[in-house]
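*Asks:* Sequence first, predicted coordinates after that:
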Amino acid sequence: MKILPYTFRTFQEKAKLDDIFGEIFVFGKLKEDFDRFSKQIKEEEPDYVLGIALANKETRVESIALNRFSGGKTIIKGGSESMALFIPSGISFQISRKGSDSFCNWTMYKLTTFIKECNLPTKLIFIHIAKEDFGFLRELKDIL
C-alpha cells in the first residue's frame, strides 16, 4: 500500500515523521502547496493520503471535513457542506465527529474534494496525534 503523508510547517516533530514515512510533504502556503500536493496525488495515485498534526490533548482521528475556514468562510463555493474522511478499522483512538475551521480542516476538505473530483481510489485519513502516541503511526503504516 502506498501512503502519501503530509503535515504543516508548524509541526515541531517533523524529523520523527520523516523517520517513520521517509520524506513528508509540508504545507506552508495553503493554496500554493495544495497545487503542488494535488499534482503529486494525481501522479502517484496513492492508496492513502495521511494528514498529521499535533493534538492539543489526546490523539484523535478526524471523521469529517467541513466547507468552512477561518471564522466560517466557505472553502469551495457551491461545495458540499461536509465530506467524510476514511477511518481505518482497528483504530483504538478517539474518533472526532465534529469538524473545525482550521488549516487542518482546509486541507482535509480541499484534498477530499480533489480526490473525489478526479475519481481516484485514494482515501484520506487525518490524525491529530499526541506526542506520546507517535509509535501508533508506525503501527498504522503497517496495518494499511
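*Replies:* Okay, I see it. Note that the structure is a prediction, hence the values are computed from the model and not measured.

*Asks:* roughly how far apart are the residue nearest to the spatial centre of the chain and Pro5?
*Replies:* Among the residues of the chain, Gly51 comes closest to the average C-alpha position under C-alpha atoms, centre = their mean, at 2.5 Å. Counting by C-beta to C-beta, to the nearest Å, the gap from Gly51 to Pro5 is 8 Å. Every residue, glycine included, has its C-beta placed from N, CA and C.

*Asks:* for Lys77, same thing?
*Replies:* Per C-beta to C-beta, Lys77 is found 29 Å from Pro5.

*Asks:* more neighbours, those two?
*Replies:* Neighbour totals were compared for Lys77 and Pro5, and Pro5 leads with 22 against 6 (other C-beta atoms under 10 Å).

*Asks:* doesn't Glu23 make contact with the more buried one?
*Replies:* No - under the criterion of C-beta atoms under 8 Å, Pro5 is not in contact with Glu23, lying 9.1 Å apart.
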